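Q: Take this sequence and fold it.
(2 chains)
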Amino acid sequence: MSVDLSTSLGSLQLAAPTMTASGCAAAGRELAQFGDVASLGAVVTKSIMLNPRSGRATPRMAETPSGMLNSIGLQGPGLEAFLEKDLSWLVENDVTTIVSIAGGSVEEFREIAIRLRDVPGIAGLEVNISCPNVESRGQVFACDPNSASAVIEAVRAEWTSSAPILAKLSPDVTDIVTIARSVADAGADGVSMINTLLGMVIDVDNMRPLLGGRTGGLSGPAIRPVAVRAVYQVHAALPDLPILGMGGIRSGHDALEFIAAGASAVSIGTVVFGDPGAPWRVAAELAKELDARGYGSLREVVGAAHKG
Amino acid sequence: MSDAQQVKAQILSIEPVGSYFHMVLEAPTVAEHVLPGHFVAIAVGGIGSGMLLRRAFSIHRATTNETIEVIFAAHGQGTHWLATQQAGDVLDIVAPLGKPFALPRQPVPCVIVAGGYGSAPMDMLTQELKARGCSVDVVLGAATQDKLFGVLDLKRDADSVTVTTDDGSSGVRGRVTDVLPELIQRTSARAVYACGPMGMLSAVAKVSADNGAFSQCAVEESMACGIGVCMTCVLPVIGDDGVTRMLRSCVEGPVFRGDRVRWDDVDTIPEDAFGAPVPGGH
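A: Take a look at the predicted model:
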């Protein structure tokens, strides 16, 4: 069996098609116990903000059927500590790194882009405009085409690096194609789909929402059909826009669904919490799934489900 | 960080013990690295399970190059599934995880306190402390007699075992902290090791500090990954620099110095914590 799994996201050439998903692998180092992180398509880091951030109160997670709800709230060390401790490790270990960035304002995104643009070792930028775990839902830029494009325009204007800019989109919108088009028009080189869906679990013993943050983001295989649908719709409308697909991918078979719907590469997220070896396993399974169907390469299958 | 491995482990035996289950797993490559306080994360529900997250258990015992043992209570869907597994079945485990108990460099008097099956790692710890020349006196507490675990093993290996139960069905009626101050004073204990519910740990940390002993507390926080990537199992801990940070109990714990955990602020973000929301912020 020799299946060519190499792929690309815009100008970014990838030797392997599976990445970690932002927020599900920290900055990659912890996964080094379970596999060669440099052999992954990329590590997509947990979203980094300008300043250190404590995140939200616990409890921060609840297991749900085939998924989980989280209200972590972007806990992180801030940009400078990230560069010093996390990115340096990724660079030293030859890891292809896509840095996920988050901000509370357009200005914060802009400042992060300015700080990062000359930093070596960044293969791509994932602009997280869709984290649901922010106090003000008004900060979910990806829920509004104008806010979404304002962030991407600001980042694009400052981003002098050739590394692609991916906009991470929320499925909690009426029409995700509208949002995808607005970020593409604003200069995004591609889109990452999907972030979590806003959800809630009630603790009926205490008669209040279980999570410290009350609401949380739903992820895992439970949301996979929503993600596949979003990828399919955006690829149908914007066939030239590269898509990094994610949302409950657990197996090579799942990954193949995303590729056929129009994703050029995939991120493995929540499943890593239960199976830290999943990013490597899914890539190996994907090769088998392609081979079993007589395909010689991943590229020939991107968007294949649209051809019928 | 411990050197964790993800391996398939066959169940050699699984038996009810009082209110709990005692499971022995064949995990030779893991067992040799296990220290008291390490934990194991076990996938539940079988292939394609709708339960995505592993269940974490402190390791009860490890036999070099052979087995690890865990004690668990079947109190949720995942642990109920685990209780239906049989000898010969194979589990997907990740271990050893977490930071183990810090051991004293000098042979000092030690006290161990455990609530319910929080005593699971304590016999292994007792043996380790005794091997270093420490004296070990133990307090085991539970709501009722059937929720005690490990009394006989600890009676064999420790210098003394005091039992407390809320209902008086075994030992002294009351809580572990009712007998702890006197025990620390009588033994001149320098170190107190504790594992059990958060409320008990909080009380043990305070009693230890009040009586001049360091405490090492193994916490139980709900966690999704167990390997340090998800950031769900955090609690406020004061660092060497005096700054409170939200630390991950899976990799920076589960064992913390009792005097460094802000017990009263668990499940909150203290206003002075590193990166805490500023007014109008997140």
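
Q: Look at residue A:2 and report its pLDDT.
A: Looking at residue A:2, its pLDDT stands at 87.

Q: How about residue B:65?
A: pLDDT for residue B:65: 76.

Q: low pLDDT regions in the stretch 151-282 of chain B?
A: Low-confidence segments of the stretch 151-282 of chain B, defined by pLDDT under 70, span residues B:279-282.

Q: What segments of it are helices?
A: Taking DSSP state H, counting those that start in this stretch, the helices of the stretch 151-282 of chain B run over residues B:151-157, B:176-187, B:198-210.

Q: Now tell me what touches the shortest one from outside.
A: Outside helix B:151-157, the residues within contact range by CB atoms under 8 Å, 6 or more residues apart in numbering or on different chains are B:112, B:119, B:122, B:123, B:126, B:127, B:130, B:136, B:138, B:140, B:161, B:163. Glycine gets a C-beta too; all of them are placed from N, C-alpha and C.

Q: want to try JSON lines for these, with secondary structure and neighbour count as columns?
A: Below are the contacts of helix B:151-157 laid out as JSON lines (DSSP: H, G, I helix; E, B strand; the rest coil; neighbours: other CB atoms under 10 Å in any protein chain shown):
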{"residue": "B:112", "secondary structure": "strand", "neighbour count": "27"}
{"residue": "B:119", "secondary structure": "helix", "neighbour count": "30"}
{"residue": "B:122", "secondary structure": "helix", "neighbour count": "31"}
{"residue": "B:123", "secondary structure": "helix", "neighbour count": "22"}
{"residue": "B:126", "secondary structure": "helix", "neighbour count": "27"}
{"residue": "B:127", "secondary structure": "helix", "neighbour count": "16"}
{"residue": "B:130", "secondary structure": "helix", "neighbour count": "16"}
{"residue": "B:136", "secondary structure": "strand", "neighbour count": "25"}
{"residue": "B:138", "secondary structure": "strand", "neighbour count": "27"}
{"residue": "B:140", "secondary structure": "strand", "neighbour count": "28"}
{"residue": "B:161", "secondary structure": "strand", "neighbour count": "22"}
{"residue": "B:163", "secondary structure": "strand", "neighbour count": "20"}
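
Q: Around the residue of the stretch 51-200 of chain A found nearest chain B, how many other residues sit close by?
A: Of all residues in the stretch 51-200 of chain A, the one sitting closest to chain B is residue A:52 (3.6 Å; CB to the nearest CB). Number of residues near residue A:52 (other CB atoms under 10 Å in any protein chain shown) recorded here: 18.

Q: show me the residues around it that make contact.
A: Neighbours of residue A:52 in contact, by CB under 8 Å, 6+ apart: A:76, A:77, A:78, A:81, B:274, B:275.

Q: go again using 10 Å as the cut-off
A: Residue A:52 makes contacts with A:75-82, B:245, B:273-276, as judged by CB atoms under 10 Å, 6 or more residues apart in numbering or on different chains.

Q: Then residue B:187?
A: Contacts of residue B:187 by CB under 10 Å, 6+ apart are B:108, B:109, B:110, B:111, B:135, B:136, B:137, B:159, B:160, B:213.

Q: Look up how far chain A lies from the fourth one.
A: Right, residue B:111. Residue B:111 sits at a distance of 29 Å from chain A (criterion: CB to the nearest CB, to the nearest Å).

Q: Could you tell me which residues of the stretch 51-200 of chain A lie near chain B?
A: Contact residues (CB under 10 Å from any CB of the partner chain) of the stretch 51-200 of chain A with chain B: A:51-68, A:70-78, A:104, A:131, A:133-136, A:139.

Q: rewinding a little: from residue A:82, how far out is the residue of the stretch 51-200 of chain A closest to chain B?
A: Computed as CB to CB, to the nearest Å, the residue A:52 to residue A:82 distance reads 10 Å.

Q: what do those two both touch?
A: Listed as contacting both residue A:52 and residue A:82 by CB under 10 Å, 6+ apart are residue A:76.

Q: I'd assumed residue A:147 was in a strand, is it?
A: No: assessed with DSSP: H, G, I helix; E, B strand; the rest coil, residue A:147 is helix; it does not lie in a strand.

Q: now residue B:234, which residues is it bridged with?
A: residue B:248 (DSSP bridges).

Q: ok, now how distant is it from residue B:198?
A: 14 Å.

Q: which neighbours do these two share?
A: Shared contacts of residue B:234 and residue B:198, counting by CB under 10 Å, 6+ apart, come down to B:221, B:266.

Q: the more surrounded of these two?
A: Set side by side, residue B:234 and residue B:198 show more neighbours around residue B:234, with 28 against 17, by other CB under 10 Å.

Q: what about the residue in the stretch 201-308 of chain A that chain B sits nearest to, which SS state?
A: Closest approach of the stretch 201-308 of chain A to chain B (CB to the nearest CB) occurs at residue A:273, with a separation of 4.0 Å. Assigned by three-state DSSP, the conformation of residue A:273 is helix.
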